[in-house]
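1. Pasting a predicted model and its sequence here:
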Amino acid sequence: MYSLGIEGTAHTVSVGIVDENCNVLANQSANYFPKEGIHPRKAVEHHAEAIPKLITTALKEAKLTIKDIDVISFSKGPGIQPCLRLTATIARTIAINHKKPIIGVNHCIAHVEIGKKKTGAKDPIILYVSGGNTQVIGFAQNRYRVFGETIDIAIGNSIDKFARFCDLGFPGGPIVEKLAKKGKFQELPYKVKGMDFSFSGIAVELERRYKKGANINDLCYSFQETVFAMLTESVERALAHTEKTEVLLTGGVAQNKRLQQMLKIMAKERGCKYFAVPKEYAGDNGAMIAWAGMIKHKNKKHDQLKDTKIIRDWRIDEVIL
């Protein structure tokens with residue numbers, strides 16, 4: 001069996017193809033990374049031009065034709081509304097024209113499921129960190145539960161906002177991580193409330209200090225050390241609360257080596273197993289959408305066309321598995 005997945009929730013548009021064992025046969029992507037941040041209309045124009053080419057290239061890479069595909073999967077939400085609409089429309093068009101079943105996938109669940117499958121994690125506490133989401137998650141009673149999350153902006157968004165303010169470029173994560181290696185620590189606001197966390201105030205304070213001439217390397221280092229410590233604290237609390245024995249790091253920001261190191265140390269001290277999604281599946285990608293769709297396809301949970309309407313703010317804990 002083969003699932004073709006189309007991802008298009010934000011700045012990345014991607015087409016992936018997987019089989020029933022999550023062997024990735026193709027994973028083609030194109031990125032829209034403007035300096036000023038994502039403009040929805042321009043992102044849609046970029047995606048509309050890229051998707052047909054990505055589908056053709058992915059099928060060629062997988063050595064398949066559209067006739068060989070068993071299910072069309074697409075990112076139904078959450079995400080930027082115009083981008084979601086485009087992705088859904090293209091998925092519906094393919095499904096109707098080629099008489100294929102269609103499945104709308106929760107983008108967050110796709111990040112989690114590809115991470116679990118590719119690492120071998122069974123029942124972890126998940127730290128899901130990306131441009132648009134930051135959540136501490138665990139599975140219980142047929143659905144994913146959110147134990148802690150950002151109460152304002154996501155960690156990736158916060159990093160990108162700071163990087164744009166300092167004219168470091170976009171996306172900001174890799175640049176901030178590189179500069180942080182040369183910096184020294186300065187104390188910043190530490191905002192953990194229960195198991196939730198806040199990043200907007202830290203970003204504002206960083207901008208204030210940058211205006212006053214603070215060393216950019218020190219700011220980047222302090223930023224990472226502070227926010228990653230906050231996330232690690234929340235994950236540790238979730239582990240203690242649930243008594244789970246695995247930690248999984250997934251999402252685009254999961255590529256950060258310092259965050260990986262901090263979680264790994266914490267997990268080791270608690271006697272837990274630590275897993276991090278492979279780099280090639282950390283950011284938004286079509287393969288993760290294809291795999292999440294394949295899981296539902298194997299369970300015969302297909303959508304009717306009327307059920308493929310996008311859900312801009314579709315939370316992971318709203319999905320019953």
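-> On my side now, so go ahead. Numbers count the residues shown, from 1 in each chain.

2. For the rest of this, base every contact and every neighbour count on C-alpha atoms.
-> Will do.

3. Now for residue 289: which residues touch it?
-> By Cα atoms under 8 Å, 6 or more residues apart in numbering, residue 289 lies in contact with 5, 6, 7, 16, 73, 74, 75, 105, 107, 110.

4. Residue 314: which of the residues you listed is nearest?
-> When these are ranked by distance to residue 314 (Cα to Cα), residue 107 comes first, at 8.6 Å.

5. looking at it, that closest one is touching residue 73, isn't it?
-> No. Counting by Cα atoms under 8 Å, residue 107 stays clear of residue 73, with 11.0 Å between them.

6. Which one's more surrounded, these two?
-> Counted by other Cα atoms under 10 Å, residue 107 and residue 73 do not tie: residue 73 has more neighbours, with 37 against 25.

7. wouldn't that one be in contact with residue 100 here?
-> No. Contact criterion Cα under 8 Å: residue 73 and residue 100 do not qualify, at 10.1 Å.

8. Can you add pLDDT and give the contacts of residue 289 back as TSV?
-> Shown next, in TSV, are the contacts of residue 289 (pLDDT from 0 to 100):
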residue	pLDDT
5	98
6	98
7	98
16	98
73	98
74	98
75	98
105	98
107	98
110	98
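
9. For the residues you listed, pick the one with the most neighbours.
-> residue 73 leads those on contacts (other Cα under 10 Å) with 37 neighbours.

10. tell me the SS of that residue?
-> Of the three states, residue 73 takes strand under DSSP: H, G, I helix; E, B strand; the rest coil.

11. how about it, what does it touch?
-> Neighbours of residue 73 in contact, by Cα under 8 Å, 6+ apart: 3-6, 91, 102-105, 289-290, 292-294.

12. tell me the pLDDT at the residue nearest to the spatial centre of the chain?
-> Centrality entry for the chain: nearest residue to the mean C-alpha point is residue 251, 3.5 Å, by Cα atoms, centre = their mean. At residue 251, the pLDDT value in this model is 98.

13. Kindly confirm my reading that residue 306 is in a helix.
-> Yes. Assigned with three-state DSSP, residue 306 falls within a helix.

14. got a list of contacts for stretch 13-30?
-> Identification of contacts with stretch 13-30 by Cα under 8 Å, 6+ apart yields 1-8, 12, 31, 47, 50-51, 54-55, 57-59, 61-62, 117, 284-291, 294, 298.

15. Show me which positions of it end up buried.
-> 13-19, 22, 24-30 (16 or more other Cα atoms under 10 Å).

16. what do you get for stretch 297-310?
-> For stretch 297-310, using 16+ other Cα under 10 Å, the buried residues are 297, 302, 308, 310.

17. List just the nearest of the residues you listed to residue 227.
-> Nearest member of the buried residues of stretch 297-310 to residue 227, counting by Cα to Cα, is residue 310, at 31.7 Å.

18. Relative to residue 57, how far out is that closest one?
-> 26 Å (Cα to Cα, to the nearest Å).

19. Let me know how buried residue 208 is, in neighbour terms.
-> Residues lying near residue 208 (other Cα under 10 Å) number 12.
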